[in-house]
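>>> Got a predicted structure here, sequence first:
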Amino acid sequence: MNVPDSVIKHPTDALVRTTASCICGSDPHHYGSMKPEDGPARMGHEFIGIVEDTGTEVTTVKRGDLVVPSFGTCF
């Protein structure tokens, strides 16, 4: 799927380069309601990655940090 490069939109955003991922048990529920005409969708929250950039209000992680996001903070 071709998508535009991610950018910081909000001061609380962090851009993370995914280095490993998996499917969560809650992900298949979304697939069941998708229609072919909806096209592909980026989704998921089970991953490990490296912080590439952060918004101005992000204080808990910095560029280069290894992160494992939690379900509750990815949406």
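Cool, the structure landed.

>>> three-state assignment of residue 53?
Assigned by DSSP: H, G, I helix; E, B strand; the rest coil, the conformation of residue 53 is strand.

>>> these two touch, right, it and residue 14?
Yes - at 7.3 Å, residue 53 counts as touching residue 14 under the criterion of CB atoms under 8 Å. To be clear about C-beta, it is placed using only N, CA and C from the backbone, and glycine gets the same treatment.

>>> pull the helix or strand with minimum mean pLDDT from the chain.
Every helix and strand in the chain was compared by mean pLDDT, DSSP states H and E; the lowest is helix 27-33, with a mean of 73.

>>> Pull it out as PDB, backbone CA atoms only.
The C-alpha coordinates for helix 27-33 follow below in PDB (Å, rounded to 0.1, in the frame of the first residue of the first chain):
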ATOM      1  CA  ASP A  27      -7.600  -6.400  15.200                       C
ATOM      2  CA  PRO A  28      -9.700  -9.100  13.300                       C
ATOM      3  CA  HIS A  29     -12.900  -7.600  14.600                       C
ATOM      4  CA  HIS A  30     -12.300  -4.600  12.400                       C
ATOM      5  CA  TYR A  31     -11.500  -6.700   9.300                       C
ATOM      6  CA  GLY A  32     -14.900  -8.400   9.500                       C
ATOM      7  CA  SER A  33     -16.800  -5.100   9.100                       C
END
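
>>> tell me what it is packed against?
Of the remaining helices and strands, none touches helix 27-33 by 3 or more CB pairs under 8 Å, 6 or more residues apart in numbering; DSSP states H and E.

>>> Start the count at 48 instead of 1 going forward.
Understood, numbering begins at 48; the last thing we discussed is helix 74-80.

>>> higher neighbour count, residue 100 and residue 61?
residue 61 (20 against 15; other CB atoms under 10 Å).

>>> Tell me where the model's unsure across the chain.
Along the chain, segments meeting pLDDT under 70 span 48, 74, 89-91, 118-122.

>>> Does the residue nearest the centre of it belong to a helix, a strand or coil?
Centroid-nearest residue in the chain, with CA atoms, centre = their mean: residue 92, separated by 5.9 Å. Secondary structure, three-state DSSP: residue 92 is coil.
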